[in-house]
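Asks: quick one, fold the following:
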Amino acid sequence: MKDTTEDKNWGLMLKYLGKELSDEERAQFDKWLEQSDANRKELENAEKIWQFSSSKESGLFDADQGWGKMQRRIHHIKGIQSAIRKHILMTTMRVAASLLILIVLAFAVRWIIGKSSYIKVIAEKEKILKPIVLPDGSMVFLNIGSSIRYPKSFNKNTREVELTGEAFFDIVHNAQQPFVIRTPQAQVKVLGTKFDVSAYKECDSLQVVVETGTVELSSGQTDKIIRLNQGNTGVYFTSSYKMVKLSGSDVNAFAWKTNDIVFHESNLDYVSKTLKKVFSKPIILENAKLKNCRLNANFKNRDLESIIEVIKETLNLQIKKTNDGYILTGPGC
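Replies: Numbers count the residues shown, from 1 in each chain. I've put the predicted structure just below:
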């Protein structure tokens, strides 16, 4: 039914174009035109096609012949329109692909620029005792086997760095811009102070020793925050998530940096561990009884070999030097 109506309308349209409408057909045609803007648009398109045809063909008008020609031209136009739509679709897809590539490249460039905006310093084989100066003027010293990563410029709200291993910090005071040290185990927050952080990956604990000022120690694994003041030590145990605050600190906590070592009635077990930390060389006690031996001695700016020689003579021990460090032997104390 719809096709019959459309054929009738097109028949009227062709007679209109050929100027062969009767009065009754003219009334029907005008009524059809007023039904919608789409019908009027359809007539405009038909007129364009008709004019194009008339410029190339002449002769008397035959409605049936005209209807056939019109249909062929319409199919031709539809084919052209289909080709145009296909071309537009392909062009759109190419543009979209190009935009996607540009977006990916933009993110890649941003990522590269983001990485290059950070500085990483590694103390791989020896300590870095010449201060690493941060963007705010704060200073950092690295123990051997440690690394620090920090931005070329701090943001307005915080000063954040990443630490693995051990470092001594001398932080410029700024109450409006807290200084935050992120480690694999926990984080340390300060405003301005001097302190030591030991956070080696292979250790099951993190230790903070405060020389001056105030430090906050916290971890994402617990809601607890402990505040450490001058002379305090904070320890966080990664296996149990336990956080402990000690009122005192190890007299040799900063010895790896100052090379000023003090032993006062110190047992040989503590002595060996301290020397290992300061010089990054293993000191092995061959006999467990040696742990009870006590040492009283001060060493300032001495090398490990001379210190071992003093221990040998003082405690009457034998020394075996290895490729890595020293083995202490003897009957014990």
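
Asks: tell me the buried residues in stretch 226-241?
Replies: Buried residues in stretch 226-241, counting neighbours by 16 or more other C-beta atoms under 10 Å, are found at 226, 228, 232, 233, 234, 235, 236, 238. To be clear about C-beta, it is placed using only N, CA and C from the backbone, and glycine gets the same treatment.

Asks: let me have those in CSV, extended by distance to residue 315 and secondary structure.
Replies: Compiled in CSV, the buried residues of stretch 226-241 are given as follows (distance: C-beta to C-beta, whole Å; DSSP: H, G, I helix; E, B strand; the rest coil):
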residue, distance to residue 315, secondary structure
226, 38, strand
228, 35, strand
232, 33, coil
233, 28, strand
234, 34, strand
235, 30, strand
236, 35, strand
238, 35, coil
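
Asks: could I get these as a markdown table with distance to residue 208?
Replies: Below are those laid out as a markdown table (distance: C-beta to C-beta, whole Å):
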| residue | distance to residue 208 |
| --- | --- |
| 226 | 9 |
| 228 | 6 |
| 232 | 8 |
| 233 | 7 |
| 234 | 4 |
| 235 | 8 |
| 236 | 8 |
| 238 | 14 |
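
Asks: which two in those residues are spaced the farthest apart?
Replies: Taking C-beta to C-beta as the measure, the buried residues of stretch 226-241 reach their widest spread between 232 and 238, a distance of 20.0 Å.

Asks: is it true that residue 297 touches residue 310?
Replies: Yes: counting by C-beta atoms under 8 Å, residue 297 touches residue 310, with 6.1 Å between them.

Asks: how about residue 289, phi and psi?
Replies: Residue 289 has phi and psi values of phi -70, psi -20 when expressed as degrees, to the nearest 10.

Asks: do residue 310 as well
Replies: Torsion angles, degrees, to the nearest 10, at residue 310: phi -60, psi -40.

Asks: quick check: longest strand of this structure.
Replies: Ranked by number of residues, the top strand in the chain under DSSP state E is strand 159-170.

Asks: what's the following helix or strand after that strand?
Replies: Sequence-wise, the next helix or strand beyond strand 159-170 is strand 179-182, with elements assigned using DSSP states H and E.

Asks: on the three-state scheme, the closest residue to residue 231 other than its chain neighbours is what?
Replies: Ranked by C-beta to C-beta, 6 or more residues apart in numbering and with sequence neighbours excluded, the top spatial neighbour of residue 231 is residue 249, at 5.8 Å. The three-state label for residue 249, taken from DSSP: H, G, I helix; E, B strand; the rest coil, comes out as coil.

Asks: now do residue 249 against residue 196, distance only.
Replies: When C-beta to C-beta, to the nearest Å is the yardstick, residue 249 and residue 196 sit 9 Å from each other.

Asks: need the overlap of contacts for the two.
Replies: When contacts are counted by C-beta atoms under 8 Å, 6 or more residues apart in numbering, the set common to residue 249 and residue 196 consists of residue 209.

Asks: quick check: next helix or strand after the lowest-mean-pLDDT helix or strand in the chain?
Replies: Sorting the helices and strands of the chain by mean pLDDT, DSSP states H and E puts helix 63-116 at the bottom, at a mean of 61. Moving toward the C-terminus from helix 63-116, the first helix or strand encountered (DSSP H and E) is strand 118-123.

Asks: strand partners of that following strand, parallel vs antiparallel please.
Replies: Applying DSSP bridges to the sheet, strand 118-123 is found paired with strand 146-151 (antiparallel).

Asks: could you check the angle strand 159-170 makes with the partner strand?
Replies: 140 degrees (axes from the mean of the first three to the mean of the last three C-alpha atoms, to 10 degrees).

Asks: list the contacts of strand 146-151.
Replies: The set of residues external to strand 146-151 that reach it, using C-beta under 8 Å, 6+ apart, is 117-123, 132, 134-135, 140, 142, 160-167, 200.

Asks: can I have the helix or strand residue 312 falls within written out in PDB, keeping just the CAs?
Replies: Residue 312 is part of helix 304-315, with elements assigned from DSSP H and E. As requested, the backbone C-alpha atoms of helix 304-315 are provided in PDB (Å, rounded to 0.1, in the frame of the first residue of the first chain):
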ATOM      1  CA  LEU A 304      88.600  -1.100  59.000                       C
ATOM      2  CA  GLU A 305      92.000  -2.900  58.800                       C
ATOM      3  CA  SER A 306      93.500  -0.800  61.600                       C
ATOM      4  CA  ILE A 307      90.400  -1.200  63.800                       C
ATOM      5  CA  ILE A 308      90.500  -5.000  63.400                       C
ATOM      6  CA  GLU A 309      94.200  -4.900  64.400                       C
ATOM      7  CA  VAL A 310      93.400  -3.100  67.600                       C
ATOM      8  CA  ILE A 311      90.600  -5.600  68.400                       C
ATOM      9  CA  LYS A 312      93.000  -8.400  67.800                       C
ATOM     10  CA  GLU A 313      95.700  -7.100  70.100                       C
ATOM     11  CA  THR A 314      93.200  -6.000  72.800                       C
ATOM     12  CA  LEU A 315      91.300  -9.200  73.100                       C
END
